[in-house]
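Participant: Got a predicted model here, sequence first, then my questions.
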Amino acid sequence: MSMLALLLAAAIQNPAIDMRGYLTMANEAAAYRESHRVSEEDFIRMSEEDGTIILDARSRQKFEELHVRGAVNLSFPDITIDSLRELIPDRETRILIYCNNNFLNAPDAFPSKLARRR
């Protein structure tokens, strides 16, 4: 039995939690994300084009510490259909998103979220 199957089998039943649905959606989102990633060079080029918004998905605190010029902040936990619709009403707007994982040389403003193995 896979680790995923063991976790699902051992989960306490709660009708408000759909772990299988969450994992399915997370896998779909991961595939979508991977197919839409761009290089830093392309990000910079695209960010200068009309109809593009740069979205910083980090906390307000980290955004205020340091951010890409022209970016707007919407923390990842607050990203919903409604919050995006309010912030970016035009559905044709290209959205370039960045977070902690996109920068290597500013560990205070962009801390790594990688788990370190011992």
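Facilitator: That came in fine, so what should we check first? Numbering: from 1, shown residues only.
Participant: Test for you: state the pLDDT assigned to residue 17.
Facilitator: Note on residue 17: pLDDT of 83.
Participant: Can you tell me the SS state at it?
Facilitator: Assigned by DSSP: H, G, I helix; E, B strand; the rest coil, the conformation of residue 17 is coil.
Participant: going on from the helix or strand containing residue 30, what's the next piece of helix or strand?
Facilitator: Here residue 30 sits within helix 19-36, counting by DSSP states H and E. The helix or strand immediately downstream of helix 19-36 is helix 40-47, counting by DSSP H and E.
Participant: contacting residues around residue 96?
Facilitator: Counting by C-beta atoms under 8 Å, 6 or more residues apart in numbering, residue 96 makes contact with 38, 43, 46-47, 52-55. For the C-beta atoms, the positions are set from N, CA and C on the backbone; glycine is no exception.
Participant: Throw these into a markdown table and include neighbour count, pLDDT and distance to residue 96, thanks.
Facilitator: Listed next are the contacts of residue 96 as a markdown table, based on neighbours: other C-beta atoms under 10 Å; pLDDT from 0 to 100; distance: C-beta to C-beta, whole Å:
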| residue | neighbour count | pLDDT | distance to residue 96 |
| --- | --- | --- | --- |
| 38 | 12 | 90 | 8 |
| 43 | 18 | 89 | 6 |
| 46 | 13 | 94 | 6 |
| 47 | 18 | 93 | 6 |
| 52 | 15 | 95 | 6 |
| 53 | 16 | 95 | 7 |
| 54 | 18 | 95 | 5 |
| 55 | 19 | 95 | 7 |
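Participant: Would you agree residue 58 is in contact with residue 100?
Facilitator: Yes. Contact status for residue 58 versus residue 100: in contact at 6.0 Å, counting by C-beta atoms under 8 Å.
Participant: Please say which of these two ends up with more neighbours.
Facilitator: residue 58 (23 against 18; other C-beta atoms under 10 Å).
Participant: Let me see the contact set for the more buried one.
Facilitator: Shown in contact with residue 58 (C-beta under 8 Å, 6+ apart): 67, 73, 75-76, 99-100, 110.
Participant: Could you pull up phi and psi at it?
Facilitator: Dihedral pair for residue 58: phi -90, psi 180, per degrees, to the nearest 10.
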